[in-house]
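Quick one: sequence plus predicted model below, questions after.
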There are 2 protein chains.
Amino acid sequence: MSVERVNPVPSDLDIAQSAVVKPILEIANKFGIDIDDLILYGTEKAKVKLSALNKSNKKPAKYIDVTAITPTPLGEGKTTTTVGLTDGIAKLGKKSACAIRQPSMGPTFGIKGGAAGGGYSQIVPMEDFNLHLTGDLHAITAAHNLCSAAIDARLHHEARWSDSFFEKRGMKKLNIEPTSVTWNRVVDINDRCLRNITIGKGGLGDGPIREAHFDITVASELMAILALTTDLKDMRERIGKIVVAMDKSKNPITTEDLGVAGAMTVLMKDGIQPNIMQTMEENLAFVHAGPFANIAHGNSSIIADKIASNYCDYLVTESGFAADIGMEKFFDIKCRQSGLVPDAVVLVATVRALKMHGGGPKVTPGRDLDSVYKEENLELLEEGCKNMSAHIKIAKKFGIPVVVGINQFHTDTENELELVKKIALESGAYGAVVTNHWAEGGDGAKDLAEVVIKACEEEHDFKFLYDLDISIKDKIEVLAKEVYGADGVEFSPEALSKISLYEKLGYDKFPICMAKSHLSLSHDPKLKNVPKGYIFPITDIRASVGAGFLYPLAGDVRTMPGLSSKPAYMNIDIDTDTGKITGLF
Amino acid sequence: MSVERVNPVPSDLDIAQSAVVKPILEIANKFGIDIDDLILYGTEKAKVKLSALNKSNKKPAKYIDVTAITPTPLGEGKTTTTVGLTDGIAKLGKKSACAIRQPSMGPTFGIKGGAAGGGYSQIVPMEDFNLHLTGDLHAITAAHNLCSAAIDARLHHEARWSDSFFEKRGMKKLNIEPTSVTWNRVVDINDRCLRNITIGKGGLGDGPIREAHFDITVASELMAILALTTDLKDMRERIGKIVVAMDKSKNPITTEDLGVAGAMTVLMKDGIQPNIMQTMEENLAFVHAGPFANIAHGNSSIIADKIASNYCDYLVTESGFAADIGMEKFFDIKCRQSGLVPDAVVLVATVRALKMHGGGPKVTPGRDLDSVYKEENLELLEEGCKNMSAHIKIAKKFGIPVVVGINQFHTDTENELELVKKIALESGAYGAVVTNHWAEGGDGAKDLAEVVIKACEEEHDFKFLYDLDISIKDKIEVLAKEVYGADGVEFSPEALSKISLYEKLGYDKFPICMAKSHLSLSHDPKLKNVPKGYIFPITDIRASVGAGFLYPLAGDVRTMPGLSSKPAYMNIDIDTDTGKITGLF
C-alpha cells in the first residue's frame, strides 16, 4: 500500500496527492516489461512500444470486462470497481492489471469530475490521467482537424480553378458535394455554441461558406480507429478508408482521395502506443483511447489489452455505459476484431440506482439525493432489481459468467445488500458480492476478486450475438429485441435509404454500434427499469468506414456537451509555490 | 560529428534521419544539467524543470541574437544560421547552446516546410521538432479554447437566468457585451474558412449566436505569455490579467472574472518547462514557445534563455522576421522583461534577397528562381545592400555590435560575396563573414563564430529604443521614424480612440509590439529595399494585457493562414514497416 487510508474518506484529489507514486519503471519491471519496450514521459507515466505485442511467453491473461446496470446520471462506480478489483486480485497474490479509457478533458472542466476511479481505488497521478497524459487526444484533435481543413481547402480551390490547373499539378478534381460533408471539426472542450456554425464567411478568399459542426474530440472516428486498430499498418489503412463526404455523383470521398491520410497517420504515430500508469496499490494500469460510448463503441484500445495480456495473469477492463451498450459493443465489436476471448463479466450495481429503477425520484447531478436513497426501502429496491436481472441475462447471452459487484455506499443496509445478492443469484449470476474498494482499496474488493477468479475458471462458450453476414436490418432487430427488449424496430425513410446505400457500397458486413441513450435499456432515457411493449426507432444510420462499424441513431445523439452555469473549472487552480493542483474534484 | 556529410547535400529529412541522435541525457550531462532537473520524454527530448533557473554557478553566457535583413518569402536561413553558429562556436572549443522557437504545425502541413534549420545545421529529431514535441502548443490550444467556451457559456447562461439565480450560486452577472469579445478560438492548422464564422446557430440551447473567429494557435496571447513569463506565479498572474471582452459599461472582463484563469494555468503547467533537444553536432538546443512574429513578439521563451544561460558560455537565439521587427521586439520587449543583456547581433543576409531589394524580379515560393538570382549581377546587389545597411543601423541603435553573416548559396560569386562584406563594414558592422554551415555544418560556420566571439568581447552599452514612460503615440512614432524610416505616423480614428481608452485603463506603460509586414521595412510588402518619404499608417491598436504589450496594426494582419491547392501534407506519409516518416520536407 503506497497510501495510508483514513476515515472519513477524503476527496479523490487529496487521496491521490497523498499517494506515494512509484517510478513507473519499477512497476513495469515488476510486471516484466522490458525497459527497451518503454518510452518514458517523466518518471510516472510511459508509453509501451508496439514491439511488446510480440513479447508473450505465457498463456494470455484471464480477461474480465466490468460493466454496469443502467446507471443514474451520477454513474455507479464502474471505473472505481475496475481499479478496486484489479487491486483486490493482486491482494490474492495474482499478477493483476487493468486497461481503461483515457477521459476527455471536456467533462473534466465541465461537470463530471475525474475518471481515474475514486476514493482508495484510483489511478495515479490522477492529474496526468485527467489532463494531457501523453497527448494522444491532442494528436487526434490535430489529425482530425487537418482533414477538416483539407476538405474545405479542396472545396475552396476547386471552385476557383479549372480542371487543367489541377491536372498540371498532377491532381484531379474531386467534385465534393458540400452538403454531403459528414466529417466535422473537433475540440476537446464542452463548447455548445460550436455545435452548429456557419464557416467561410470572410468573402471569396475565406470560403467556402457552409453549415458546419464541431464535436468533442472523443467522438472523432479517429478515436474509434485508435481503439480498434491492431498495428501501424492497420491504422494507416483504416485512416485511409474514412469516408468524409460524397461527390456530386454520390461516390464516397475518402481521406486517401484528399491525400491527407498519410499526414493524419503521421500525427497519430506516437498515439498508437498505449500509456501505462499505476493504481494506488502499485498495480499496472493501461490507459489508452477513449471513444465516445454512444456514436462509437466506448471501449479502451485493443492494442493496450493485447499488450497488457502478455504481462499479467488477470486483465480487468471496462466498457462504457451499461451492459446493453458498452458490454455488448465490447463483445460484438471489440472482441470480434481483436480475437481476444473474455472469461468473465462483472456487473456493477448500486442500491441507489436500483431504487431509482424501482420508482425512486429523479437523480440529478449537483442536487441533494432524495431521502429514499439514504434509508432502507426494500420495495423500491426489489422492483428496481428487474433492471439488474435484465442486464445479467444480456451478459449471459454471450456465454460468459456474470458476477454482480454491489458497489457499497455507507447508507446501504444489510437487508438491502442481501436482497440484491439474492435476486442476482436467482437471475443467473455466477456470484454476487458486496464490494467496498472505494473506502478500503484492494482489501475492500478481495471478496469480489475471489469470486471473479473462480468464475474465470468456469467452462464457458463465448459467442457473438449476431453474425456479420446477416443484413443490416436483421442485426439491428436482434439488438432491439434481444438486448433492449423492444417488440420491433421502426426505420425512418432516411434510415432505409442509408441501408440501401450501404448495401450498394458494401458496408453491410460491418458490425452495428448502436447510438442510443445510456440512461434506459430502451432509446428513451425516461423509461427506467425494464421497458416493455415498445418499438425501437431508428432515425438515421451512419458509417464509420475506417473504424469499421455502422452506427444507427435511435433518437437525438449529442456529440458536443455544454457547460453549466457554474462549471467545474471555476474551482480549479494551482498553488504557484508548490505546483500542486487544487479543486480538480 | 554524428552525421556523415555528403555532397550534393540531400533533403533535410534525409539528413536528419541519417543523423545518429545521442540520448538527450548524455547531451544534458555534457552541459552539466542535473538529471533531477529533467523530465524525459523518451530518450531524445526532455523538459527542464524550473528548478534549473537557480542552478547558476558561473557568469551568464554571452548572449547572441540572430536576425536578418528584410527577407524574400523563401526566408534567408536564420534558423539554419542559428544552429550552424552554435555548432561553429562549439568547434572552437566553447560550450555553445541555442534557444529557438517551436514551430506551428499549420505551416508544416501547409507550405513552409520544417523549421528545425536545414542541410547540415539542423535540430534533431526533426520529426519531433516539427510535430507534437512535448505538447506545449496543444496545451495552449486547450487552455485558450477553454476560455473561449467559458465566455460563450457565460453569455448563454446570463441570457437565460436571473440575477438571483447567479447570486444563489455565489456568482454575479458579468454583463459581457457580445460584440466586444476579442478572445477568438484557436487551432494549430491552416484553416482559412474558420477565419470568420457564425457560432451558436443551433437554437436556444446552443446559443449565443454571434460572429466569431479562429486564429492559428501561435497567435494566442497565451503563447506570448508563455514566451515572456518568468515563473509559475508570474504565469498565473499574467493569465488572470488577460482581457477577453468588455462589459456593457465598457469595463474590461478578464479570465479571472470568468473564473477560468486557474484552470487555464493548470493546463499550461507542464508547458512552462522548456524543452531540450540537440543539434546534429550534439550541442544543446532549447526549443520553447513560438509566438506569432507579427501580432506578438516572435521570440522564444525567456525561461529557456535564462536556464540555457546557466549551462553554456555562448547562447545563440533567434528573433522572428527581420531586425526591424523580431530583433527590435527582442530588445524592447523580451530583454526589457528578462533583464538579460545581449552581447552581439548576427544579421543574416543572402545575395538572393539583396538582389531582390536592388530591383530583382519577384520571388515566389514554389516557382523557379529568375536567372538574375543565379548569375553574377553586382549592380542589383549593390543597390539592394542599402537594405542591409539600414538593418545594421537599426541594430546599432541599441548599442550592440553587429556581425553580418552572409549565408552562402552555391551560385554566389566571389565578387558578389566580397561586395556584400565591403558594404557591411562601411555601414558600421563589426564584421562580415561568409558562412556555409548549410553544406558543412559547424565547420562551415567557424569563421563566423570567431568574429562573433570577438564581437562579444567588445565594450558595449545596451539601451532600449524608447522609455516605457513616454506616451503610446510617442512610442509608435519613435518606431516608425527611427526603425521603419517613415516621415511620420497617421492614426485612424479607431486607433486614436483606443489610445484614450488604454490611457484611461492604465495600459499606456506597456511596450509596443508592432504588427506590420515583414516583407518590407515599411508597412507595405511591395516597398522593397529602403522605403522613404512615406507616412506609417496605424489602423487599430489592441492590448495583450496578460502578455504585457500593445500591438498597433499597420494594415491588415492575417492571424490564420490558408492551405494552397496542393498542400505539403499531400507528400507526407509513414512507412508502416519501419515507422519512418516520408516526405516531411
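The structure has been received and is ready for your questions.

and the residue of the stretch 451-585 of chain A nearest chain B?
A:Asp573 (3.0 Å; C-beta to the nearest C-beta). For glycine as for every other residue, the C-beta is placed from the backbone atoms N, C-alpha and C.

Burial check on that residue, number of neighbours?
21 (other C-beta atoms under 10 Å in any protein chain shown).

measure the residue lying farthest from the centre of chain A to A:Asp257 for me?
Centroid-distance maximum for chain A: A:Ser164 at 46.9 Å, with C-alpha atoms, centre = their mean. Applying C-beta to C-beta, to the nearest Å, the value for A:Ser164 to A:Asp257 is 20 Å.

Could you do A:Lys233 as well?
20 Å.

and what of A:Ser371?
From A:Ser371 to A:Asp257 the distance is 60 Å (C-beta to C-beta).

Compare neighbour counts for the two and give me the winner.
Neighbours were counted for A:Ser371 and for A:Asp257 using other C-beta under 10 Å; A:Asp257 has more, 20 against 10.

so the more buried one makes contact with A:Lys173?
No. A:Asp257 is beyond contact range of A:Lys173, at 10.8 Å (criterion: C-beta atoms under 8 Å).

Can you get me the start-to-end distance on stretch A:556-563?
19 Å (C-alpha to C-alpha, to the nearest Å).

Let me see the ranges of the helices in the stretch 151-300 of chain A.
A:163-168, A:221-228, A:232-241, A:255-258, A:261-267 (DSSP state H, counting those that start in this stretch).

which of the ones you listed sits most buried?
helix A:221-228 (a mean of 29; mean count of other C-beta atoms under 10 Å in any protein chain shown).

quick check, A:Leu381 in a strand?
No. A:Leu381 is assigned helix when assessed by DSSP: H, G, I helix; E, B strand; the rest coil, not a strand.

Is it in contact with A:His357, as I believe?
No. The criterion here is C-beta under 8 Å, and A:Leu381 misses it with A:His357 at 9.2 Å.

give me the residue from the stretch 301-450 of chain A nearest chain B.
A:Gly366 (10.0 Å).

Need the pLDDT of that residue.
At A:Gly366, the predicted lDDT confidence score is 76.

Report the central residue of chain A.
Residue closest to the average C-alpha location in chain A (C-alpha atoms, centre = their mean): A:Gly298, at 2.6 Å.

And the pLDDT at that residue?
Confidence for A:Gly298, expressed as pLDDT, is 94.

can you check A:Asn57 too?
So, for A:Asn57, pLDDT stands at 69.

swap in the one 5 residues further on?
As predicted, A:Lys62 sits at a pLDDT of 98.

which non-adjacent residue is nearest it?
Nearest residue to A:Lys62, sequence neighbours excluded (C-beta to C-beta, 6 or more residues apart in numbering or on different chains): A:Cys456, at 4.2 Å.

The one you found against A:Ile64, yeah?
Yes. Taking contacts as C-beta under 8 Å, A:Cys456 lies within contact range of A:Ile64: 6.9 Å.

And the strands in the stretch 101-250 of chain A?
With DSSP state E, counting those that start in this stretch as the criterion, the stretch 101-250 of chain A has strands at A:117-118, A:121-124, A:185-187, A:197-199, A:210-212, A:214-216, A:243-246.

Which secondary structure elements does the second one sit against?
Contacts defined by 3 or more C-beta pairs under 8 Å, 6 or more residues apart in numbering or on different chains; DSSP states H and E place strand A:121-124 against helix A:12-18, helix A:78-91, strand A:275-279.

Quickly, which of the strands of the stretch 101-250 of chain A bottoms out on average pLDDT?
Minimum mean pLDDT among these: strand A:117-118, a mean of 89.

Which stretches in the stretch 251-400 of chain A count as strands?
Going by DSSP E, counting those that start in this stretch, the stretch 251-400 of chain A shows strands at A:252-254, A:275-279, A:284-287, A:314-318, A:344-349.

swap in the stretch 451-585 of chain A?
With DSSP E, counting those that start in this stretch as the criterion, the stretch 451-585 of chain A has strands at A:488-491, A:535-538, A:540-544, A:549-553, A:573-574, A:581-582.

Between those, which one is closest to B:Ala554.
Among these, the nearest to B:Ala554 by C-beta to C-beta is strand A:573-574 (37.7 Å).

Contacts for that closest one next, please.
A:580-583, B:232, B:236, B:261-263, B:265-266, B:269 (C-beta atoms under 8 Å, 6 or more residues apart in numbering or on different chains).

Please tabulate those residues in a markdown table and include pLDDT and distance to B:Glu4 as additional columns.
Converted to a markdown table, these look like this (pLDDT from 0 to 100; distance: C-beta to C-beta, whole Å):
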| residue | pLDDT | distance to B:Glu4 |
| --- | --- | --- |
| A:Lys580 | 94 | 49 |
| A:Ile581 | 93 | 48 |
| A:Thr582 | 91 | 53 |
| A:Gly583 | 89 | 55 |
| B:Leu232 | 98 | 43 |
| B:Arg236 | 98 | 48 |
| B:Ala261 | 98 | 51 |
| B:Gly262 | 98 | 51 |
| B:Ala263 | 97 | 49 |
| B:Thr265 | 98 | 46 |
| B:Val266 | 97 | 46 |
| B:Lys269 | 97 | 41 |
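
What is the nearest of these to A:Ile197?
B:Ala263 (24.0 Å).

hang on, the earlier thing: redo the strands of the stretch 251-400 of chain A as a markdown table? Include distance to chain B and mean pLDDT.
Below are those laid out as a markdown table (distance: least, C-beta to the nearest C-beta, whole Å; pLDDT from 0 to 100):
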| stretch | distance to chain B | mean pLDDT |
| --- | --- | --- |
| strand A:252-254 | 14 | 98 |
| strand A:275-279 | 13 | 98 |
| strand A:284-287 | 16 | 98 |
| strand A:314-318 | 25 | 98 |
| strand A:344-349 | 30 | 98 |
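
Much appreciated, bye for now.
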